[in-house]
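Chemist: here is my input; please provide its structure:
(chains A and B, ligands or ions: 2)
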Amino acid sequence: MNLAMKDVRHQWPRFVATGVGLGLLFAIVLAMGGIYRGMVEEAVVLVEKLGADLWVVQRDTRGPFAERSYVPEVLATRARAVPGVRWARAFSTLTLQPVHRGRVLRLTLVGLSWPEDRGASLPLVSGRVLGTAHRELMVDRTLGLALGEALHLGDDTYRIVGLTQGLVSSGGDALAFVSQSDLERIQNHLAPEARRLARVAGAPPMDPGVSAVLVGVAPGASVEEVRARLARWGDVTVHTTGEQKSFLLDGVVDKARRQIGLFRALLALVSGIVVSLVIFNMTVAKTREIALLKLMGARLGLVVGMILQQALLLSLLAYGVALGVSRFAFPHFPRKVVVGPEELLGVFALSVAIALLASLAAIRRALRIPPTTILAG
Amino acid sequence: MHAIEATGLWKTYGKGETEVTALRDVSLRVRGGEVAALLGPSGSGKSTLLTTLGLLLTPDRGQLSLGGEQVVADGRITRDAARLRRERIGFVFQKANLIPFLTALENVLLALEINGLRGREAQARARELLDYLGLGERTAHLPDELSGGQQQRVAIARALAMNPPLVLADEPTAALDSHRSRDVMQLFRRVAHERGTAVVVVTHDHRTLDAFDTVHEMEDGVLRTAPRVPAPSPA
Ligand SMILES: Nc1ncnc2c1ncn2[C@@H]1O[C@H](COP(=O)(O)OP(=O)(O)OP(=O)(O)O)[C@@H](O)[C@H]1O
Ligand SMILES: [Mg+2]
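Modeler: Ligands and ions are numbered 1, 2, ... in the order given. Alright, predicted model coming up:
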């Protein structure tokens, strides 16, 4: 006869309610880790998908994701002539908040250098890549728009021809892809004043400029050598993709990581205290039964086992609830939540550890209950 | 050999102003098969004596042997008290003290399981006892689905399940009507006479006195054995 189970069955609604509450707490612990991992993945996803080996950016800057970077577009053409360069293309981003059907969208436009790059490297889930250099747009599905929908950007109306998945900026905004020339058109529309002033001043037509030039190194060529050659140009700084990623993670994610870590530690502590209190109270509520068992001469293992089993059961129930929440609720979170096996294992270990630790106080208490308690009324 | 042989037991609670001496040089012998009554006014030390005999309380001084084995020497318990309680002593109290999340049957099975007895044999023994106590139809009920008297009978079944050589009962019939009280006392007699169990019962109920082989009276911590009451003729 399993006393722990019999007791739980006797008061299952309370037990289950406690388990579910605790499960939500565990789910938050899981989510915290998942949100951090999601942030890391989302922060670097664009850099990874662009597939460049080197990033040519404005001199002494850390690139378009860290600060404002401006290089002449013509550098892309010049870079193609550098030995060891397999391909080079302009890269620009522009964050917009267009109004669509009465709703303000937030998206980051990325220019693709037509015609070499039509978006073939992007993770397309429906539709197609850009078919013309004009008024076509690929967007990430997180924006919530459908294939074929029209979106007004700048002076023109763009048609959504393809939907990608998992492409967001490091700020979590959906990415949208247009040709580089369309991007410039939209940019100019937004800043007509600058253009007009330049014309009035009689200046030669400006190179509209791009944020960076991406370079792919030819197979067999050394990335370091190509980098050195490009860096000799003067006005630019050249970063590897790895550096780009670490800039992103250092800036955006590092503080978040510490913040989230702190928060998780706090949550784990709170969970520990809650489980301890629950287990302790469950034990106190059974004072008479425990006294009776001792009076009947039951071995201490029976009492200790009952407390431990209930603590573990509660923790496992809570873990199960957390698992369920992570499976069914996390995908609906506005930003990506990545819960990997280590994360699951970690929280599992945490829940077991919490159960065991939480039982200590209760067991201590149980061992101190004198069997004569049962005689006092 | 006596089932209980207590000599010179002393017990004092508290210190200074609140000091109460509940046992004063108490000596008591109970043979196997004997049903002994413990009478006395409230606060005279009956429960103290019973819990001392049941190894739930350590006396300050005195010796105690159970079944010929010395278990308290010079006011110190010399054996594994929990083990002696589970193997040799059945307790019944004024309240049934059943485990609320176990059925009547399971409450009885618990006493057997604590002694390592499980399975069919344990089931059969527990059912038989409950049947015998008129609870055959109530084995699957939880304590709060039973009347007070039924609960008390389950508690008695639990105390008798291991067939202990010693049964200690502290006002076991206080919650029962006189009819049921008599039944319980008759049951104790039967167990004592059939199995050779020694039974010590604290009682206030003078109506049941004819069911006892011996009557001991306590007053202010002092025990004295009353003149033997005539044994009743078998019912
Ligand atoms: N744990 C305790 N601490 C201090 N004093 C106690 C304790 N238990 C009992 N006493 C005192 O010891 C004396 C004997 O108590 P005991 O419970 O043995 O009496 P009793 O004969 O069983 O009385 P009743 O018929 O009311 O149950 C009483 O004066 C009581 O106040
Ligand atoms: Mg008493």
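Chemist: so which residue is dead centre in chain B?
Modeler: residue B:168 (1.4 Å; CA atoms, centre = their mean).
Chemist: quick one, phi/psi of that one?
Modeler: The phi/psi pair for residue B:168 (degrees, to the nearest 10) reads phi -110, psi 120.
Chemist: would you agree it is in contact with residue B:55?
Modeler: No. When contacts are counted by CB atoms under 8 Å, residue B:168 is not listed as touching residue B:55 (10.0 Å). All C-beta spots, glycine's among them, are computed from the backbone N, C-alpha and C.
Chemist: biggest helix in chain B, by residue count?
Modeler: The longest helix of chain B (DSSP state H) is helix B:178-195.
Chemist: buried residues in that helix, which are they?
Modeler: Buried residues in helix B:178-195, defined by neighbour count with 16 or more other CB atoms under 10 Å in any protein chain shown: B:180, B:181, B:182, B:183, B:184, B:185, B:187, B:188, B:189, B:191, B:192.
Chemist: cool, and stretch A:346-364?
Modeler: A:347, A:348, A:350, A:351, A:354, A:355, A:358, A:359, A:362, A:363.
Chemist: cross those residues against helices and list the overlap.
Modeler: Those of the buried residues of stretch A:346-364 lying in helices (DSSP H): A:347, A:348, A:350, A:351, A:354, A:355, A:358, A:359, A:362, A:363.
Chemist: please save the CA atoms from the helix or strand residue A:5 falls within in CSV.
Modeler: Assessed by DSSP states H and E, residue A:5 sits inside helix A:3-10. Taking C-alpha atoms only, helix A:3-10 is exported to CSV below (Å, rounded to 0.1, in the frame of the first residue of the first chain):
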residue,chain,number,x,y,z
LEU,A,3,0.6,5.9,1.6
ALA,A,4,1.8,8.8,-0.5
MET,A,5,-0.4,7.9,-3.4
LYS,A,6,-3.4,7.2,-1.3
ASP,A,7,-3.1,10.6,0.4
VAL,A,8,-2.7,12.3,-3.0
ARG,A,9,-5.8,10.5,-4.4
HIS,A,10,-7.7,11.5,-1.3
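Chemist: hmm, who's touching stretch A:319-326?
Modeler: Applying CB atoms under 8 Å, 6 or more residues apart in numbering or on different chains, the contact partners of stretch A:319-326 are A:19-20, A:22-24, A:26-27, A:29-31, A:34, A:337, A:339, A:344, A:347-348, A:351.
Chemist: what's the answer for stretch A:274-294, then?
Modeler: A:7, A:18, A:22, A:25, A:302-303, A:307, A:310-311, A:314-315, A:354-355, A:357-359, A:361-363, A:365-366, A:369-374, B:82, B:97, B:99-100, B:114.
Chemist: put the buried members of the residues you listed into a PyMOL selection.
Modeler: The PyMOL selection below is limited to those of the contacts of stretch A:274-294 classed as buried (16+ other CB under 10 Å):
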select buried, (chain A and resi 7+18+22+25+302+303+307+310+311+314+315+354+355+358+359+362+363+365+366+369+371+374) or (chain B and resi 82+97+99+114)
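Chemist: among the contacts of stretch A:274-294, which lie within helices?
Modeler: A:7, A:18, A:22, A:25, A:302-303, A:307, A:310-311, A:314-315, A:354-355, A:357-359, A:361-363, A:365-366, B:82, B:114.
Chemist: which neighbours do residue B:168 and residue B:55 share?
Modeler: Counting by CB under 8 Å, 6+ apart, the residues touching both residue B:168 and residue B:55 are residue B:89.
Chemist: related to what we said a few turns ago, keep only the buried residues of stretch A:346-364 that also lie close to ligand 1.
Modeler: Applying CB under 6 Å from any ligand atom, the subset of the buried residues of stretch A:346-364 adjacent to ligand 1 is empty.
Chemist: out of everything not next to it in sequence, what's closest to the residue of chain B found nearest chain A?
Modeler: Going by CB to the nearest CB, chain A is nearest to residue B:86 of chain B, at 2.7 Å. Take residue B:86 and drop its neighbours on the chain: the residue closest to it by CB to CB, 6 or more residues apart in numbering or on different chains is residue A:297, 2.7 Å away.
Chemist: how about the helices in chain B?
Modeler: According to DSSP H, the helices that chain B contains are B:46-53, B:81-88, B:104-114, B:119-132, B:148-160, B:178-195.
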